[in-house]
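Visitor: no sequence for this one, just the structure:
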């Protein structure tokens with residue numbers, strides 16, 4: 001494909017002459033295109049330095065001058081002339097090499113490339129080593145010194161186990177040892193392994209330090225557990241309350257089982273004490289254990305001291321003699337194995353590990369002696385409680401005794417709660433009964449008052465009409481409430497004091513006799529002229545006169 005040849009270079013500038021136009025290409029066409037399109041003037045100046053690349057996709061001439069017609073590239077535009085300053089600005093801005101600093105005026109020295117790191121281990125191991133070393137706040141050479149001197153107190157057991165997992169195999173160490181290049185080019189993992197390789201039998205050093213940690217931790221746990229189990233066995237063998245409680249159970253059980261095959265027993269298996277809750281009473285939520293606890297608390301108060309006589313039983317029930325013995329045997333085996341391994345090691349390592357082996361041997365012996373005592377006491381416990389040789393296990397027996405004692409304690413609390421609830425219920429029932437009785441009394445009193453009121457009303461009406469009977473008079477006389485009502489009624493009909501004074505001065509008195517006329521009103525004053533001077537009678541006088549009146553009529 002042909003194209004427009006570049007213009008000739010300016011004077012003083014060398015350049016390669018343009019190639020001749022290809023065959024079939026008419027120069028007349030070039031002149032016609034040049035006249036049709038004015039393009040930017042290009043003087044042919046070459047960049048004085050290497051410039052950055054402008055990323056574009058160049059179009060071919062057949063695309064621009066093809067038969068499709070006018071486009072943006074063959075359209076007529078005003079000419080653009082690039083000047084020398086424009087070229088310099090482009091070279092300054094887009095130079096492939098950064099320009100010298102304007103502040104210092106001196107060219108920066110090229111940055112020195114870091115030497116390439118030599119990796120002799122896989123990437124995963126290198127990453128794990130990097131994570132491992134970052135957990136130490138001291139330099140790694142100090143850590144390696146602690147490992148060499150078996151100073152396990154300076155490192156945690158997790159750190160030592162992490163280092164043990166990172167120790168390389170023989171092939172990796174051989175590759176590191178045979179490396180003849182610059183040691184500074186080695187990676188972090190390779191440098192650590194190379195430093196550890198300077199410690200003879202570094203793996204054994206790490207194993208000893210881990211064993212020191214594990215041994216101390218195991219001893220701190222085993223000592224108190226062994227002592228608790230031994231003390232609990234001795235407490236059960238010497239408890240007087242437990243003996244009396246078992247004999248009390250025997251008496252109560254023979255009474256309950258009277259007339260059955262299980263009666264007249266001289267003893268019972270220890271496992272039977274876990275079945276006491278199966279015997280339920282006629283009261284809801286009350287079993288034989290509740291009765292035993294209540295009976296013991298009320299009649300054998302001293303047996304409640306059982307809880308104080310076996311203080312270690314709860315902890316001992318969670319322990320296993322086989323487990324404790326196995327732990328001690330495991331520690332003893334590790335110490336003996338280490339002693340054998342040290343025979344083939346350096347004298348330095350033997351001298352460093354010897355104090356630990358000696359102290360560990362003494363501590364294991366101190367644990368073995370109480371374990372032997374526990375085994376002997378366990379046999380005494382089996383004989384004392386008549387346990388079966390084939391099925392007896394110390395941990396099972398201790399768990400059974402713990403459950404029994406704990407159930408007694410729970411029953412005591414449940415009994416106390418039940419008594420409190422019963423007391424509250426009785427108090428509530430008593431209050432309800434008193435309230436019911438009070439309401440009944442009020443109702444009865446109200447009805448009595450209502451009846452008395454009706455009688456008095458009837459009597460008063462009868463007296464007013466003159467038709468009072470002997471029976472109604474007697475009822476009124478016998479009723480205090482009716483008498484009080486009469487008093488109130490009579491007080492309303494009382495004569496004023498000035499009338500009474502006037503009657504007294506006249507020398508007249510108010511007779512108490514009722515008017516002879518059966519139709520007279522005994523409660524109202526007489527219609528005689530002297531009625532205003534009569535003295536008002538009391539209710540008792542009226543009732544007395546009423547009685548006399550009825551007696552004569």
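Guide: Cool, got the structure. If you're wondering where the values come from, they're calculated on a predicted model, not measured in any experiment. Numbers count the residues shown, from 1 in each chain.
Visitor: drop to CA atoms for contacts and neighbour counts, all remaining ones
Guide: Noted.
Visitor: quick one: low-confidence ranges for this protein?
Guide: Residue ranges of the chain with pLDDT under 70: 1-44, 53-60, 63, 68-83, 86, 98-115, 456, 459, 463-464, 466-553.
Visitor: Longest helix in it, please.
Guide: Longest helix in the chain, counting residues (DSSP state H): helix 394-465.
Visitor: does the nearest residue to residue 388 once chain neighbours are set aside sit in a helix, a strand or a coil?
Guide: Closest residue to residue 388 apart from its sequence neighbours, by Cα to Cα, 6 or more residues apart in numbering: residue 382 at 7.6 Å. Three-state call for residue 382 (DSSP: H, G, I helix; E, B strand; the rest coil): helix.
Visitor: any idea how far residue 382 lies from residue 250?
Guide: Shown here: residue 382 relative to residue 250, a distance of 19 Å by Cα to Cα, to the nearest Å.
Visitor: ditto for residue 465
Guide: Distance of residue 465 to residue 250, given as Cα to Cα: 90 Å.
Visitor: Comparing those two, which residue is more hemmed in?
Guide: residue 250 (18 against 14; other Cα atoms under 10 Å).
Visitor: Quick check: the more buried one vs residue 391, distance?
Guide: Distance of residue 250 to residue 391, computed by Cα to Cα: 23 Å.
Visitor: list the helices and strands the longest helix of the chain packs on?
Guide: Here helix 394-465 touches helix 288-299, helix 313-316, helix 470-478, helix 480-492, going by 3 or more Cα pairs under 8 Å, 6 or more residues apart in numbering; DSSP states H and E.
Visitor: If we use 7 Å, what do you get?
Guide: Identification of packing neighbours for helix 394-465 by 3 or more Cα pairs under 7 Å, 6 or more residues apart in numbering; DSSP states H and E yields helix 288-299, helix 313-316, helix 480-492.
Visitor: got the angle between the first one and helix 394-465?
Guide: Using axes from the mean of the first three to the mean of the last three Cα atoms, to 10 degrees, one finds that helix 288-299 and helix 394-465 are set 80 degrees apart in direction.
Visitor: what comes into contact with helix 288-299?
Guide: Identification of contacts with helix 288-299 by Cα atoms under 7 Å, 6 or more residues apart in numbering yields 276, 277, 279, 280, 281, 303, 304, 408, 411, 412, 415.
Visitor: Which of those sits closest to residue 139?
Guide: The closest of the contacts of helix 288-299 to residue 139 turns out to be residue 408 (Cα to Cα; 62.0 Å).
Visitor: how close does the closest one get to residue 260?
Guide: The gap separating residue 408 from residue 260 is 27 Å, by Cα to Cα.
Visitor: quick one, which of these two is more surrounded?
Guide: Between residue 408 and residue 260, counting by other Cα under 10 Å, residue 408 is the more crowded of the two (20 against 9).
Visitor: Not including adjacent chain positions, what is the nearest residue to that one?
Guide: Nearest residue to residue 408, sequence neighbours excluded (Cα to Cα, 6+ apart): residue 293, at 6.1 Å.
Visitor: what number of residues lie near the one you found?
Guide: Count around residue 293 with other Cα under 10 Å applied: 24.
Visitor: again, but for the one 5 residues further on
Guide: The burial count assigned to residue 298 is 10, neighbours taken as other Cα under 10 Å.
Visitor: Same check on residue 349?
Guide: 18.
Visitor: Please name the nearest non-neighbouring residue to residue 403.
Guide: Spatially, and ignoring its direct neighbours in sequence, residue 403 is nearest to residue 274 (7.4 Å; Cα to Cα, 6+ apart).
Visitor: Give the helix, strand or coil label for the one you found.
Guide: With three-state DSSP as the basis, residue 274 sits in helix.
Visitor: Any chance of the backbone angles for residue 267?
Guide: For residue 267, the backbone dihedrals (degrees, to the nearest 10) come out as phi 180, psi 170.
Visitor: go on, residue 320?
Guide: Dihedral pair for residue 320: phi -130, psi 130, per degrees, to the nearest 10.
Visitor: what residues are up against it?
Guide: residue 395.
Visitor: Repeat that for residue 303.
Guide: Going by Cα under 7 Å, 6+ apart, residue 303 touches 241, 245, 296.
Visitor: Most neighbours out of these, which is it?
Guide: Of the contacts of residue 303, with other Cα under 10 Å as the count, residue 241 tops at 20 neighbours.
Visitor: these two touch, right, it and residue 306?
Guide: Yes - with contacts counted by Cα atoms under 7 Å, residue 241 reaches residue 306, the gap being 5.3 Å.
Visitor: Just give the closest residue to residue 314, not the sequence neighbours.
Guide: residue 402 (6.0 Å).
Visitor: and the one you found, how many neighbours does it have?
Guide: Neighbourhood size, residue 402 [other Cα under 10 Å]: 19.
Visitor: Now for it: which residues touch it?
Guide: Residue 402 sits next to 313, 314, 317 when contact means Cα under 7 Å, 6+ apart.
Visitor: how near is the nearest residue to the last one once chain neighbours are set aside to residue 229?
Guide: Among residues not flanking residue 317 along the chain, residue 399 sits closest, at 4.6 Å (Cα to Cα, 6+ apart). As defined by Cα to Cα, residue 399 lies at a distance of 12 Å from residue 229.
Visitor: Tell me which of these two has more neighbours.
Guide: Neighbour totals were compared for residue 399 and residue 229, and residue 229 leads with 26 against 17 (other Cα under 10 Å).
Visitor: Run through the residues that contact that one.
Guide: Contacts for residue 229 (Cα under 7 Å, 6+ apart) come out as residue 316.
Visitor: so which strand or helix has it?
Guide: Using DSSP states H and E, residue 229 sits in helix 202-238.
Visitor: Next SSE downstream of that helix?
Guide: Counting by DSSP H and E, what follows helix 202-238 is helix 240-256.
Visitor: Name the residues of the strand or helix carrying residue 308 that are buried.
Guide: Secondary-structure assignment from DSSP H and E places residue 308 in helix 306-309. Residues of helix 306-309 classed as buried: 306, 307, 309 (neighbour count, 16 or more other Cα atoms under 10 Å).
Visitor: Would you format those residues as JSON lines with distance to residue 345 included?
Guide: Below are the buried residues of helix 306-309 laid out as JSON lines (distance: Cα to Cα, whole Å):
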{"residue": "306", "distance to residue 345": "58"}
{"residue": "307", "distance to residue 345": "56"}
{"residue": "309", "distance to residue 345": "54"}
